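> structure of the sequence below:
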Amino acid sequence: MGSHQPDRARQLLWQLIALALIVAALIGALQRPLCEAVLWYAQPDQTTASVMQDYVAVRVLGAPAALLNLVLIGWLIGRQRSRFVMLVQVIGNGVNAGLNLVFVYGLNLGIEGVALATVCAEYLMCVMALLALRAQIGRCLPVWFSWQAIKQVLQINSAMLIRNLALQACLAWVTMQGAQLGDVTVAVNSVLLQFLALTALGLDAVAYAAEALVGQAAGQQDRRRIQSWVRKTLLWSLLLACVYSLIFYLAGEWIIRALTDLPAVRAMAVSYLPYAIMLPLVAHWCFLLDGVYIGLGQAAIMRNSMLLSALAGFFLPLYLLQGAGNHGVWLALLSLFVWRGVTLGGHFWKRWAD
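Below is the predicted model of the structure:
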């Protein structure tokens, strides 16, 4: 968009749609051995394992729509059509919530109903985005699928895939460590991770703005505008992080009560609330800088930062703090976000600051 290459934009859209469908097929083919590998490592009790398997069996049906949504929404954000993205998200999440009530409470489908509601909402969002982009999707050139044309896309996506897998491995480890520490602990970690999800809703919004604005400035090769947008979005990210921490400090216990009615889970979760309060202030740097580096198209920097942060910032502290139990897990998670912010921020300062 910044360099005024509409054909290149359509080319990327088609290439990533094809890649999303290929990955979705692989997920469908490998979902059973992957699920069994996770169960083998985590060693949860029989009830938890059964719930996991029931959820994954339904949820995997939405893989094509989920991955296409990532492509389509990402493309729309890159084109700075954030209002339409908001409309799609509001409708999709509203339908998801409504179907949860119907499937879980009306039809008594349990965990499978939760998964089915998400799958239906994902396909609805996918159809909406495809209709909005039908003019772009309708124009396709065979050369776009040549090896030379798709090589750059694969290089960027392979770096992002490694980065995302490393991040998800750390978050999955929080759940698996909780499973090893007992049913109450795994439930507490699940509740606390919802605070991270709530935080991400706001911080990702600022990061998306940084992606689009920094990306446009990079396409125009305007160094000053890149620096300006980073400063402005970083300020908004910091302000939003402070608001989140204040809300968690004032209403954290109420949020926990809304998320679970189990007394033991509530009591333990409240004792871990300080980690949730610190989380936005620690994590907003890396959320924002992720958006900046996506806008710059420098996925390799993000991959290297994530790998270093995962090894030195998460797994090493986790090993050193294993005697601290679940507190060690959350300290390691906070350390991960610190390392990501420092490594990405240090690189940006060295490369882009005057």
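
> lowest-pLDDT helix or strand in the chain?
For the chain, the helix or strand with the lowest mean confidence is helix 134-137, at a mean of 67 (criterion: mean pLDDT, DSSP states H and E).

> show me what the helix or strand harbouring Leu130 is packed up against.
Here Leu130 sits within helix 110-132, counting by DSSP states H and E. Applying 3 or more Cβ pairs under 8 Å, 6 or more residues apart in numbering; DSSP states H and E, we find helix 110-132 packed against helix 46-59, helix 63-78, helix 82-100. Quick note: C-beta positions are derived from backbone N, CA and C, even for glycine.

> what is the orientation angle of that helix with helix 82-100?
Interaxial angle of helix 110-132 relative to helix 82-100 (axes from the mean of the first three to the mean of the last three Cα atoms, to 10 degrees): 150 degrees.

> buried stuff in helix 110-132?
Neighbour-count burial for helix 110-132, counted by 16 or more other Cβ atoms under 10 Å, picks out 111-126, 128-129, 132.

> now do stretch 286-300
So, applying 16+ other Cβ under 10 Å, buried residues of stretch 286-300: 286-296, 298-300.

> ok, residues contacting stretch 204-216?
Stretch 204-216 is contacted by residues 1-2, 77-80, 82, 226, 229-230, 233, 236-237, 240, 287-288, 290-292, 294-297 when judged by Cβ atoms under 8 Å, 6 or more residues apart in numbering.

> looking at those, which are in helices?
Among the contacts of stretch 204-216, DSSP state H puts 77-78, 82, 226, 229-230, 233, 236-237, 240, 287-288, 290-292, 294-296 in helices.

> one step back: winner for burial among the helices and strands packed on helix 110-132?
helix 63-78 (a mean of 20; mean count of other Cβ atoms under 10 Å).

> distance from the chain centre to that one, please.
13 Å (Cα atoms, centre = their mean, to the nearest Å).

> could you export that helix as PDB, CA atoms only?
C-alpha atoms of helix 63-78 as PDB (Å, rounded to 0.1, in the frame of the first residue of the first chain):
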ATOM      1  CA  ALA A  63      -9.200 -24.700  11.100                       C
ATOM      2  CA  PRO A  64      -9.800 -23.600   7.400                       C
ATOM      3  CA  ALA A  65     -12.000 -20.700   8.500                       C
ATOM      4  CA  ALA A  66      -9.700 -19.700  11.400                       C
ATOM      5  CA  LEU A  67      -6.600 -19.600   9.200                       C
ATOM      6  CA  LEU A  68      -8.400 -17.800   6.400                       C
ATOM      7  CA  ASN A  69      -9.600 -15.200   8.900                       C
ATOM      8  CA  LEU A  70      -6.100 -14.500  10.000                       C
ATOM      9  CA  VAL A  71      -5.100 -13.900   6.300                       C
ATOM     10  CA  LEU A  72      -8.200 -11.900   5.400                       C
ATOM     11  CA  ILE A  73      -8.300  -9.700   8.500                       C
ATOM     12  CA  GLY A  74      -4.500  -9.200   8.400                       C
ATOM     13  CA  TRP A  75      -4.900  -8.100   4.700                       C
ATOM     14  CA  LEU A  76      -7.700  -5.700   5.600                       C
ATOM     15  CA  ILE A  77      -5.700  -4.200   8.500                       C
ATOM     16  CA  GLY A  78      -2.800  -3.700   6.100                       C
END
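
> where does the chain have low pLDDT?
1, 42, 135-149, 354 (pLDDT under 70).

> helices or strands next to the helix or strand containing Ser158 in the packing?
Assessed by DSSP H and E, Ser158 sits inside helix 147-181. Where contact means 3+ Cβ pairs under 8 Å, 6+ apart, helix 147-181 is packed against helix 6-42, helix 183-219, helix 299-308, helix 326-352.

> ok, which of those helices comes nearest Met176?
Among the helices and strands packed on helix 147-181, the nearest to Met176 by Cβ to Cβ is helix 6-42 (4.3 Å).

> buried ones in that closest one?
Neighbour count says helix 6-42 has 10-17, 19-20, 23-24, 31, 35, 38-39, 42 buried, by 16+ other Cβ under 10 Å.
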